[in-house]
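Student: give me coordinates for this.
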Amino acid sequence: NRRLPERKRTWTNLKKALLRRYAEKLDKSAAEWRVSMRRMMPGETYADFAAGLRDAVGRNRISERVLLAQFYRCLDKTTNKLVKQAPKPATLEEAVDKATDIDDPMDNVAQGMMNIGLPWATAPNPYLIPMTGTTGQTMVVPGIGGTGLPTAITGSTAHLTNNEVATQGE
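Tutor: The predicted structure follows:
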């Protein structure tokens, strides 16, 4: 405005005036609604999703709790539980970092295989199979493997074939 004194004709004052006149009006409840409607898209990274949540807020000030709640709602069940474990993230950025660490395809082989479109072997049989490993006799779940199964599990497991299971019920 030309009627303003010279010292008030600054970029800061012009920006404030333009925002006051043309910017979206601050509405906390509308911002919270936009956040709650934002869903995580398939293939979207946690960081991109968090940035989308921040964009949905706009210039409004909403609590970190609202952002975290929506972030948690859009995580898969396992990642959600692991992210919420102690130390529980206080900010959205902490939650994103923790979720990224948990779901890192470099550490999570099954996730990495699925991401590149290759099949991941799952256990075809729901029971343990005896096997000789490098440490001696052990029990493994087909497709999973491991020598650290407790004897409480391996000691009470019956080793039956499908025919024996079928005849045992008669």
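
Student: how about stretch 35-43 as CSV, C-alpha atoms only?
Tutor: C-alpha atoms of stretch 35-43 as CSV (Å, rounded to 0.1, in the frame of the first residue of the first chain):
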residue,chain,number,x,y,z
VAL,A,35,-5.4,-35.6,8.2
SER,A,36,-7.9,-38.4,9.2
MET,A,37,-8.9,-38.8,5.6
ARG,A,38,-5.3,-39.1,4.3
ARG,A,39,-4.5,-42.8,3.7
MET,A,40,-1.2,-44.4,2.9
MET,A,41,-1.1,-45.4,-0.8
PRO,A,42,0.4,-48.7,-1.9
GLY,A,43,4.1,-48.3,-2.5
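
Student: i'd like the first residue to be 348 from this point on
Tutor: Sure, I'll start counting at 348 from here, so that last one is stretch 382-390.

Student: what pLDDT, on average, does it get?
Tutor: Computed over stretch 382-390, the mean pLDDT rounds to 86.

Student: now do stretch 357-365
Tutor: 85.

Student: same check, this time on stretch 409-422
Tutor: For stretch 409-422, mean pLDDT is 88.

Student: buried ones in that stretch?
Tutor: Within stretch 409-422, the residues scored as buried using 16 or more other Cβ atoms under 10 Å are 409, 413-415, 417-419, 421-422. Heads up, the C-betas are built off the backbone N, CA and C, glycines and all.

Student: quick one: these as a markdown table, columns for secondary structure and distance to Asp402 too.
Tutor: Shown next, in a markdown table, are the buried residues of stretch 409-422 (DSSP: H, G, I helix; E, B strand; the rest coil; distance: Cβ to Cβ, whole Å):
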| residue | secondary structure | distance to Asp402 |
| --- | --- | --- |
| Ile409 | coil | 13 |
| Val413 | helix | 14 |
| Leu414 | helix | 11 |
| Leu415 | helix | 16 |
| Gln417 | helix | 13 |
| Phe418 | helix | 14 |
| Tyr419 | helix | 19 |
| Cys421 | coil | 15 |
| Leu422 | coil | 19 |
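
Student: closest to Met387 out of those?
Tutor: The closest of the buried residues of stretch 409-422 to Met387 turns out to be Cys421 (Cβ to Cβ; 3.9 Å).

Student: without its sequence neighbours, what residue ends up closest to Thr447?
Tutor: Tyr393 (5.3 Å; Cβ to Cβ, 6 or more residues apart in numbering).

Student: was I right about that neighbour contacting Val443?
Tutor: Yes. With contact defined as Cβ atoms under 8 Å, Tyr393 and Val443 form a contacting pair (4.7 Å).

Student: are we agreed that Gln484 is in a helix?
Tutor: No. Under the criterion used here (DSSP: H, G, I helix; E, B strand; the rest coil), Gln484 is strand, not part of a helix.
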